[in-house]
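**Student:** With the sequence up front, the predicted model follows.
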Amino acid sequence: MPQIADSNRFSEWEMVFHTPSEQAAELYFSLESAGHQVCHRPDPVQRSGFGNYVLIYTAGGQDRLLYEGAAYPLSKGDFFFIDGNQPHAYGFTGCWEYYWVSFKGQNAALFYKQFREMADGVVASLPYGPEFTGMVRHILELKAHEDMYFDPRMSAMLYKALADLMILLKSTHMQAHWGSAREGIAGALDYIHGHYQENISLSDVAAHVYLDKYHLVRVFKAATGYTPYEYLLNLRIDKSKPLLLYTAERVEDIARMVGFSNASCFISAFKRREGKTPLKYRSTGG
């Protein structure tokens, strides 16, 4: 990797740039650049219309980010995730070490949106530094060796890192906003999985975990993305699929086995979710 000492901007740097093929750009996350830099004197990076999303981890020192009219202090352990099309600036201090990836792709905007919602902004302190720096170094190594499978390998690593960050953010968000309700959510999930074959209601689930049912709906959806009823419905449909594909049980019997009160409710719910009736699902093999 190229390294420069005592440069005008950085005391050392490692970076790669990449241009994917058209096919790779359609299939995977597209890397524009990745690297590791250590600032040794103030020299702000100021950009807009960059065309990529930028994810940066502060490995040491301190700095600040200017983004969308707000100033965010940065210290060791902080990640920030920004849309490079928006005006942004960083690199104001003379002592800041960071790792970054600049990328785009079909799901990049969705990850960015989720990060902002869970972090209540674009900066979050998360215990994922070693994993992220390891990923960036692996990307640098793959590019240095001109790995012929660079695009899918890089994309898989980046997707995993983004998914891991979302999990950490969701956990942090739940703890900050709902506190002890997390135990109630776990209890609700256990109850639903243990009783999905029965005629259970929202009130039954809420009573089991000692939470107000309306409060349970709010915290459950914040944690899982579903209301308790939606989660129960999806679970019942998922449980019906192997019975449809690998047994000769009648649809009416399968409906009762997975907790639907009658076949009509089962058929209607299944078709809404899968776009086909249970019998069509069976006859087409899924």
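**Tutor:** Nice, thanks for sending it over. Being a predicted model, the structure only gives us computed values, none of them experimental.
**Student:** in the stretch 101-250 of the chain, which spans are helices?
**Tutor:** For the stretch 101-250 of the chain, the helices defined by DSSP state H, counting those that start in this stretch occupy 108-119, 129-144, 150-178, 181-195, 202-209, 213-224, 228-246.
**Student:** what is the mean pLDDT for the last one?
**Tutor:** Spelled out, that is helix 228-246. For helix 228-246, mean pLDDT rounds to 97.
**Student:** Check which helices and strands that helix sits against.
**Tutor:** Helices and strands touching helix 228-246, by 3 or more C-beta pairs under 8 Å, 6 or more residues apart in numbering; DSSP states H and E, are helix 181-195, helix 202-209, helix 213-224, helix 251-257, helix 263-274, helix 278-283. Placement of C-beta: from N, CA and C, glycine included.
**Student:** Packing partners of the shortest one?
**Tutor:** So that's helix 278-283. helix 228-246, helix 251-257, helix 263-274.
**Student:** who's in contact with the first one?
**Tutor:** Outside helix 228-246, the residues that touch it by C-beta atoms under 8 Å, 6 or more residues apart in numbering are 188-189, 192-193, 196, 200, 202, 205, 216-217, 220, 224, 226, 249, 251, 254-255, 257-260, 266, 269-270, 273-274, 278, 281-282, 285-286.
**Student:** hmm, 6 Å instead?
**Tutor:** Applying C-beta atoms under 6 Å, 6 or more residues apart in numbering, the set of residues contacting helix 228-246 from outside is 192, 196, 202, 205, 220, 249, 254, 258-259, 269-270, 273, 278, 281-282.
**Student:** Go through it and flag the buried ones.
**Tutor:** By neighbour count on 16 or more other C-beta atoms under 10 Å, the buried set for helix 228-246 is 228, 231-233, 235-237, 239-241, 243-244.
**Student:** Make JSON lines from these and add distance to Ser75 to it.
**Tutor:** Formatted as JSON lines, the buried residues of helix 228-246 follow (distance: C-beta to C-beta, whole Å):
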{"residue": "Pro228", "distance to Ser75": "39"}
{"residue": "Tyr231", "distance to Ser75": "38"}
{"residue": "Leu232", "distance to Ser75": "43"}
{"residue": "Leu233", "distance to Ser75": "45"}
{"residue": "Leu235", "distance to Ser75": "43"}
{"residue": "Arg236", "distance to Ser75": "47"}
{"residue": "Ile237", "distance to Ser75": "46"}
{"residue": "Lys239", "distance to Ser75": "47"}
{"residue": "Ser240", "distance to Ser75": "51"}
{"residue": "Lys241", "distance to Ser75": "48"}
{"residue": "Leu243", "distance to Ser75": "54"}
{"residue": "Leu244", "distance to Ser75": "54"}
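**Student:** Which one of those residues is nearest to Arg137?
**Tutor:** Of all the buried residues of helix 228-246, Arg137 sits closest to Tyr231, with 39.2 Å by C-beta to C-beta.
**Student:** separation between that closest one and Ala188?
**Tutor:** Per C-beta to C-beta, to the nearest Å, Tyr231 is found 9 Å from Ala188.
**Student:** Quick one: neighbours of the closest residue to Phe260 other than its chain neighbours, just the number.
**Tutor:** Distances taken as C-beta to C-beta, 6 or more residues apart in numbering place Phe266 nearest to Phe260, at 4.0 Å, with adjacent residues excluded. Phe266 has 24 neighbouring residues, counting by other C-beta atoms under 10 Å.
**Student:** So which elements touch the host helix or strand of Phe79?
**Tutor:** Using DSSP states H and E, Phe79 sits within strand 78-83. Other helices and strands packing on strand 78-83, by 3 or more C-beta pairs under 6 Å, 6 or more residues apart in numbering; DSSP states H and E, are strand 53-67, strand 123-125.
**Student:** what lines up beside the last one in the sheet?
**Tutor:** Just to be clear, that refers to strand 123-125. strand 78-83 (antiparallel) (DSSP bridges).
**Student:** Quick check: next helix or strand after the strand it pairs with?
**Tutor:** Heading C-terminal from strand 78-83 (DSSP H and E), you reach strand 88-90.
**Student:** That following strand: how far from the chain's middle?
**Tutor:** Chain-centre distance of strand 88-90: 24 Å, with C-alpha atoms, centre = their mean, to the nearest Å.
**Student:** Quick one: list the elements packing against that strand.
**Tutor:** strand 53-67.
**Student:** how far off helix 108-119 does the strand it packs on point, in degrees?
**Tutor:** 50 degrees (axes from the mean of the first three to the mean of the last three C-alpha atoms, to 10 degrees).
**Student:** I appreciate the help and will end here.
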